[in-house]
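[1] predicted structure and sequence below. I'll ask about it afterward.
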Amino acid sequence: MQIFPFHAHIPDLKKVKFDDLFYQGIREDFYKAFRKGVFKPVPGEAFFILEIKEGQTTSTGLIAMTDIRDYLNQHIRKHERTLDKKQKLHHQLFIERRAMIKPAALMIPAHARLNDLYREVKSGSKPLLKIRFPDKTVIHTLWKVDDPRRISSLSRQYKQSVRTAVIADGHHRFATSALLYSRAGGWAHQRILTVYFTPDQLKISGFFRVVDPLKSSSAQKIAQRLKQATEQWEPVQELLNKKDFLYMAHDHQLYRFRIRARAGRVALPLLFSEKILNEVFEIRDETRSPRISYFEKTYDVEVLKTLMEQYPQKYIFILPSLTPREILSNKKILPPKSTYFMPRIINGLVVALGQGL
């Protein structure tokens, strides 16, 4: 993997408070906020160690610029398809902001030496920045890595021993950067802002899928199709993240079931697309269908209660979370929103400027 130190900007906490108002402002119009001078340059080129603490969970990763050609050459793999409308939005935002204001997150195989290097940096230097956001229970801390020897060591470790990475968050940003690089036909847009995590530093959830049936399909007809495609149906009162079992909520009732699978192992999101979305609800293309809505963090009971109250006549599906091993070993592209990786990186923590700003 080809990674590079870079000239970064970070929020100037002497001039601005990193709160909801500031965060909303940079999301809506980063260029306007930047021109007000609320971001300060970090002297010299550097890597950055990022630590995110949320409750009892701590995640540590490395922020660096990555050569977009590693994505084009499939050393960086996308593991799920993107939604068309979001792809267009990210292209527009990149042009308007003239900057990368949030690193795309990558998952790499376990690497003890890298985690040792991160610990050395954290224990041997003072943090460059510490922000509590969106509330006091979530702490984002940055350490600067600008020592030439450490930069060389990290660059060498990634080049020699990190052969592949999977996009955890940022599929649209990678696709946009690759498109801009291809159109530029040269060095412009060759690097993308990224943060690397090993599997032990990540947690994986999923998305609620809320499906709107065709008006021509009665509830009885859908129930019949579901029973043909599935097995081991039972009404339940609680959610459990149980391997191979899915949940469906409809008309204020929660059910658990399994999909009838043919011989051979198929990733469950792919099986769900084929047997449920396609055969039962006649949805052929999830990337464009207006009949599917996605809501974050499955197995959140409060979110499920809200969705059941709000959409009693729609069908709410919950798929079991994939494991890091399943994602790293999977060779097929999964449907959109198959995974929800945590921690989530906030906008504006580390900024890499583009051309013209």
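    Thanks, I have it. Numbers count the residues shown, from 1 in each chain.

[2] so where's the longest strand in this structure?
    In the chain, taking DSSP state E as the definition, the longest strand is strand 57-67.

[3] what pairs with that one, parallel or antiparallel?
    strand 3-4 (antiparallel), strand 47-54 (antiparallel), strand 191-197 (antiparallel) (DSSP bridges).

[4] so who does the residue nearest to Ile333 when sequence neighbours are not counted touch?
    What sits nearest to Ile333 in space, not counting adjacent residues and going by C-beta to C-beta, 6 or more residues apart in numbering, is Arg81, at 5.7 Å. (Glycine included, C-beta is placed from N, CA and C.) With contact set as C-beta atoms under 8 Å, 6 or more residues apart in numbering, Arg81 has these partners: 286-287, 333-336.

[5] pLDDT wise, what is the closest residue to Ser59 other than its chain neighbours at?
    Closest residue to Ser59 apart from its sequence neighbours, by C-beta to C-beta, 6+ apart: Gln201 at 4.4 Å. Listed pLDDT for Gln201 reads 95.

[6] count of neighbours near Gln201?
    Residues lying near Gln201 (other C-beta atoms under 10 Å) number 20.

[7] can I assume it is in contact with Lys53?
    No - taking contacts as C-beta atoms under 8 Å, Gln201 lies outside contact range of Lys53: 11.8 Å.

[8] against Pro335, how distant is the residue nearest to Ile333?
    Arg81 sits 6 Å away from Pro335, taking C-beta to C-beta, to the nearest Å as the criterion.

[9] ok, Ala64 next?
    Where Pro335 is concerned, Ala64 sits at a distance of 30 Å (C-beta to C-beta).

[10] out of these two, which sits in the more crowded spot?
    Neighbours were counted for Ala64 and for Pro335 using other C-beta under 10 Å; Ala64 has more, 27 against 19.

[11] who does the more buried one bridge with?
    Applying DSSP bridges, one finds that Ala64 bridges with Thr194.

[12] tally of neighbours for the nearest residue to Lys243 once chain neighbours are set aside?
    Using C-beta to C-beta, 6+ apart and skipping the chain neighbours, the partner closest in space to Lys243 is Pro320 (5.8 Å). Residues within reach of Pro320, counting by other C-beta under 10 Å, total 18.

[13] now the contacts of Arg81: which count as buried?
    For these, a burial check counting by 16 or more other C-beta atoms under 10 Å picks out 286, 334-336.
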